[in-house]
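Q: Here is the input, now give the coordinates:
(2 chains)
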Amino acid sequence: MPIGRSWSMNVFAALVVVALAAPLVVYPVFLMNVLCFALFACAFNLLIGYVGLLSFGHAMFFGFAAYISGHAVKSWGWDPLLGILIGTVVAAAMGLVAGAIAIRRQGIYFAMVTLALSQMVFFFCLQAKFTGGEDGIQAIPRRPLLGFIDIRNDFVLYYFVLLIFCIGFLIIYRTIHSPFGQVLKAIRENEARAISLGYAVDQFKLIAFVLSAALAGLAGATKAIVFQLASLTDVTWQMSGEVVLMTLVGGMGTVFGPIVGAAIIVSMQNYLSGFGEWVLVIQGVIFVTMVLLFRRGIVGEMIAFANRRWTAKRRQDELAIREVRPAE
Amino acid sequence: MFELIGVPPQALFGQLLLGLINGAFYALLSLGLAVIFGLMNVINFTHGAQYMMGAFCAWMLLTFAGIPYWGALVLAPIIIGITGILIERLFISRLYHLDHLYGLLLTFGLALIFEGLFRRQFGSSGLPYTNPIPGGTNLGFMFLPWYRAWVVAFSLTVCFATWFMIEKTQLGSYLRAATERPDLVQAFGINVPRMITLTYGFGVGLAALAGVLAAPIYSVNPVMGSNLIVVVFAVVVIGGMGSILGSILTGFGLGVVEGLTKVFYPEASNTVIFIIMAIVLMLRPQGLFGKPK
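A: Residues are numbered from 1 along each chain as shown, chains lettered A, B, ... in the order given. Now for the predicted structure:
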């Protein structure tokens, strides 16, 4: 049968089991990096994959939330959980403002507007006092979580990050499969028709944008706690480009694509970190290859393949039935 | 020395001139973007990289072939324009039947490739390019370097020549017609795909020309384009891509506004264009010169 909901929940359960066991074999800090970027990419995918809005400035939420949570934990001495929460809330507020401005234009203009807004945030972070300019916020302490859970241990922190990721993922999953999500898909497919059906399209877009921004912020705020660092790298437009790349590689508009894409791109950066500028070139080559040859992305191509197989099999079955019938 | 609104005139007019020069680059680049977008519906993210390649092309022509600035001013746009034509034929032309966003993603990938290659080859510190017209004149209220005056005058000429070509010549009328209804223009026996290819080459050539002009002012640097292109996108959003003259005016105007901000409130000079963009979007979403849909 075509890939449906029960199928994807089973895959999700299997993935969680793998993720629970993963730190036994793989370095947990690397896994946490993958999880943060996977959540970031899932949040981005909510917009491009299900509303058809290409935001080229999602790094502003990711990076700025990292600064906020880093600052709250380091300078105000907040609990890491509260730090992550405030980062998420600030990102949501930013999403409300940026979204209200950006949804006034469609298509390519939307991408350019979000890119320009994120560049504005970048310059703000470069000049503001609390962000530490070029140095960023360094040595963010890993205070005990809720006052008693020691997250200085990477394994403990890993399971906390995994929990955050699962919550974020399930929020997105629930959104996509809700009536609200159906309207979003209708807007993606045919905005004019959605308007004519009486949907307040701009409100739907704005809510989706705020949700996506908040979850991108959640990912960034968590990353700041994990790496004990919030820096300018995370607010650059190159970072916005990276999350586009992750989603494109995994498959835009697929539930698991962004996770696969994030895992691939983060591992690639890990292994190629010694090659310096070649990483940029390789990323560019992947972009061009994906756009020209595999627009559905890895997961998207797999689903398309499975669906083709399924329809072919059904057609064969139908033929077999027809062959049997005349003999009756 | 007298003061104007609390600012010494040397600083004021100096920044004004710098603003005009930046405005010239904004105008040239947004003009190229607008021409390409009008015909192809593709936002050329490679534009910044092509501007950078224009500057590098001038530098290489000087260093390896001994061709001076004036030769590079003609040769570099042609060379980079030809690479643009190849890019259009090899890659972009395969995406016309798809959502425009794929064109954006493709050209973004190409921009990463070019920037990465140049950074690998030349580092990111920047290479000097000698000023071809050193010296200047003292106008009494400010010192005017010859080269900067040349950049403003020359880019204005190029902008208006482009405007004239598109709005007033027969070739331009074909181009405008193809922007509206490519199928009809094709039916009249005009080779629209070739026109698209040449237009892309022309837009890229404009970017490269801006790069050559920039080389003696800023050092030749692999990242010079990527930072500029984001600002140019904001300029394009503010102006709206509907009119050629609009692109030119917005480009120069915003350059001047940015220069003035540097004098009166330097902290905001990096962000002022983005703030203007946000305000324009709230009041007039289609842009200052755009046509409402």
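Q: Those residues of the stretch 151-300 of chain A touching chain B, which are they?
A: By CB under 8 Å from any CB of the partner chain, the residues of the stretch 151-300 of chain A that approach chain B are A:237, A:241, A:244, A:248, A:276-288, A:291-292, A:295. In short, each C-beta sits where N, CA and C put it, glycine included.
Q: Return the members of those residues classed as buried.
A: Among these, the ones that count as buried by 16 or more other CB atoms under 10 Å in any protein chain shown are A:237, A:241, A:244, A:248, A:277, A:279-288, A:291-292, A:295.
Q: Which ones among those map onto helices?
A: With helices taken from DSSP state H, the overlap with these comprises A:237, A:241, A:244, A:248, A:279-288, A:291-292.
Q: for these, which one is nearest residue A:28?
A: residue A:279 (23.5 Å; CB to CB).
Q: how about the nearest residue to the closest one, chain neighbours excluded?
A: residue A:272 (5.1 Å; CB to CB, 6 or more residues apart in numbering or on different chains).
Q: Over to residue A:270?
A: Closest to residue A:270 by CB to CB, 6+ apart is residue A:30, at 6.5 Å.
Q: What is the burial count for the one you found?
A: Counted by other CB atoms under 10 Å in any protein chain shown, the residues lying close to residue A:30 total 14.
Q: Show me which residues of the helix or strand containing it are buried.
A: Taking DSSP states H and E as the definition, residue A:30 sits inside helix A:28-50. Buried residues in helix A:28-50, counted by 16+ other CB under 10 Å: A:28, A:31-50.
Q: mind saving the C-alpha coords of it as PDB?
A: Coordinates of each C-alpha in helix A:28-50 appear next as PDB, following Å, rounded to 0.1, in the frame of the first residue of the first chain:
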ATOM      1  CA  PRO A  28      27.200  11.100  21.600                       C
ATOM      2  CA  VAL A  29      28.300  14.700  20.900                       C
ATOM      3  CA  PHE A  30      28.200  13.900  17.200                       C
ATOM      4  CA  LEU A  31      24.700  12.400  17.600                       C
ATOM      5  CA  MET A  32      23.500  15.500  19.400                       C
ATOM      6  CA  ASN A  33      24.800  17.600  16.600                       C
ATOM      7  CA  VAL A  34      22.800  15.500  14.100                       C
ATOM      8  CA  LEU A  35      19.700  15.700  16.300                       C
ATOM      9  CA  CYS A  36      19.800  19.500  16.600                       C
ATOM     10  CA  PHE A  37      20.200  19.900  12.800                       C
ATOM     11  CA  ALA A  38      17.600  17.300  12.100                       C
ATOM     12  CA  LEU A  39      15.100  19.200  14.200                       C
ATOM     13  CA  PHE A  40      16.200  22.400  12.500                       C
ATOM     14  CA  ALA A  41      15.700  20.800   9.100                       C
ATOM     15  CA  CYS A  42      12.300  19.400  10.100                       C
ATOM     16  CA  ALA A  43      11.200  22.800  11.200                       C
ATOM     17  CA  PHE A  44      12.300  24.300   7.900                       C
ATOM     18  CA  ASN A  45      10.600  21.400   6.000                       C
ATOM     19  CA  LEU A  46       7.300  22.300   7.600                       C
ATOM     20  CA  LEU A  47       7.400  25.500   5.500                       C
ATOM     21  CA  ILE A  48       8.900  24.400   2.200                       C
ATOM     22  CA  GLY A  49       7.400  20.900   2.200                       C
ATOM     23  CA  TYR A  50       3.900  21.600   3.400                       C
END
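Q: helices or strands next to that helix in the packing?
A: On a contact count with 3 or more CB pairs under 8 Å, 6 or more residues apart in numbering or on different chains; DSSP states H and E, helix A:28-50 meets helix A:154-176, helix A:179-189, helix A:201-227, helix A:237-250, helix A:257-272.
Q: Which residues lie in contact with the nearest residue to residue A:269 once chain neighbours are set aside in this structure?
A: Of all residues not flanking residue A:269 in the chain, residue A:279 sits nearest, at 6.3 Å (CB to CB, 6+ apart). Applying CB atoms under 8 Å, 6 or more residues apart in numbering or on different chains, we find residue A:279 in contact with A:268-269, A:272-273, B:116.
Q: likewise residue B:291?
A: Residue B:291 makes contact with B:240, B:242 under the criterion CB under 8 Å, 6+ apart.
Q: ok, which residues in the stretch 51-200 of chain B are in contact with chain A?
A: Counting by CB under 8 Å from any CB, the stretch 51-200 of chain B sits next to chain A at B:91, B:94-95, B:98, B:100-102, B:104-106, B:108-117, B:119-120.
Q: The closest residue to residue B:205 other than its chain neighbours and residue B:208: what is the separation?
A: In space, and not counting its chain neighbours, residue B:205 is closest to residue B:81: 3.5 Å by CB to CB, 6+ apart. Noted for residue B:81: a distance of 7 Å to residue B:208, by CB to CB, to the nearest Å.
Q: In terms of packing, which of these two has more residues around it?
A: residue B:208 (31 against 22).
Q: returning to that earlier point: state the mean pLDDT of the helix holding residue A:30.
A: On average, the pLDDT along helix A:28-50 is 95.
Q: so how far is the following helix or strand past it off the chain centroid?
A: Using DSSP H and E, the helix or strand that follows helix A:28-50 in sequence is helix A:59-74. Relative to the chain's own centre, helix A:59-74 is displaced by 17 Å; criterion: CA atoms, centre = their mean, to the nearest Å.
Q: quick check: mean pLDDT across helix A:59-74?
A: 95.
Q: For it, name the packing helices and strands.
A: Partner elements for helix A:59-74 (3+ CB pairs under 8 Å, 6+ apart): helix A:80-102, helix A:107-127, helix A:201-227, helix A:237-250.
Q: Including distance to residue A:138 and mean pLDDT, could these go into JSON lines?
A: JSON lines is the format used below for the helices and strands packed on helix A:59-74 (distance: least, CB to CB, whole Å; pLDDT from 0 to 100):
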{"stretch": "helix A:80-102", "distance to residue A:138": "15", "mean pLDDT": "95"}
{"stretch": "helix A:107-127", "distance to residue A:138": "15", "mean pLDDT": "91"}
{"stretch": "helix A:201-227", "distance to residue A:138": "10", "mean pLDDT": "96"}
{"stretch": "helix A:237-250", "distance to residue A:138": "18", "mean pLDDT": "94"}
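Q: Thanks again, I'm all set now.
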